[in-house]
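>>> Here is the input, now give the coordinates:
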Amino acid sequence: MKDEKGLTLVELLVAIVILGIVLIPLLTIMMGTSVRTASNEKGSTNLYIARK
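Numbering: from 1, shown residues only. As a prediction, the model looks like this:
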């Protein structure tokens with residue numbers, strides 16, 4: 001049984017946890033940036049309309 005290749009369940013779970021720890025903050029930052037971009041776009045559009 002020592003010649004078996006592949007990942008154990010523990011190794012797979014550790015990899016998923018590490019990915020979660022790394023990806024969740026990145027996705028949170030990206031969502032915040034997206035919301036701010038949409039807000040700035042509305043403000044720019046309103047300013048453009050007001051200047052016309």
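>>> Mind jotting down where the helices sit in this protein?
Remark: helices assigned in the chain by DSSP state H are 9-51.
>>> any weak-confidence spans in the chain?
Along the chain, the parts satisfying pLDDT under 70 run over 1-2.
>>> Give me the buried positions along stretch 45-52.
Residues of stretch 45-52 classed as buried: none (neighbour count, 16 or more other C-beta atoms under 10 Å). Heads up, the C-betas are built off the backbone N, CA and C, glycines and all.
>>> centre of the chain versus that stretch, how much separation?
33 Å (C-alpha atoms, centre = their mean, to the nearest Å).
>>> Then stretch 9-26?
On C-alpha atoms, centre = their mean, the centre of stretch 9-26 falls 14 Å from that of its chain.
>>> Stretch 39-46 now?
Worked out by C-alpha atoms, centre = their mean, stretch 39-46 lies 24 Å from the chain centre.
>>> Equivalent analysis for stretch 8-20, please.
Put simply, stretch 8-20 sits 19 Å off its chain's centre (C-alpha atoms, centre = their mean).
>>> Outside of that stretch itself, which residues are in contact with it?
For stretch 8-20, the external contacting residues (C-beta atoms under 8 Å, 6 or more residues apart in numbering) are L7.
>>> Pull it out as PDB, backbone CA atoms only.
Output of stretch 8-20 as PDB, limited to C-alpha atoms (Å, rounded to 0.1, in the frame of the first residue of the first chain):
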ATOM      1  CA  THR A   8      -5.200  11.900   1.300                       C
ATOM      2  CA  LEU A   9      -8.400  13.400   2.600                       C
ATOM      3  CA  VAL A  10      -6.500  15.400   5.200                       C
ATOM      4  CA  GLU A  11      -4.100  16.900   2.600                       C
ATOM      5  CA  LEU A  12      -7.100  17.800   0.400                       C
ATOM      6  CA  LEU A  13      -8.900  19.500   3.300                       C
ATOM      7  CA  VAL A  14      -5.800  21.500   4.300                       C
ATOM      8  CA  ALA A  15      -5.400  22.700   0.700                       C
ATOM      9  CA  ILE A  16      -9.100  23.800   0.600                       C
ATOM     10  CA  VAL A  17      -8.700  25.600   3.900                       C
ATOM     11  CA  ILE A  18      -5.600  27.400   2.700                       C
ATOM     12  CA  LEU A  19      -7.300  28.400  -0.600                       C
ATOM     13  CA  GLY A  20     -10.300  29.700   1.400                       C
END
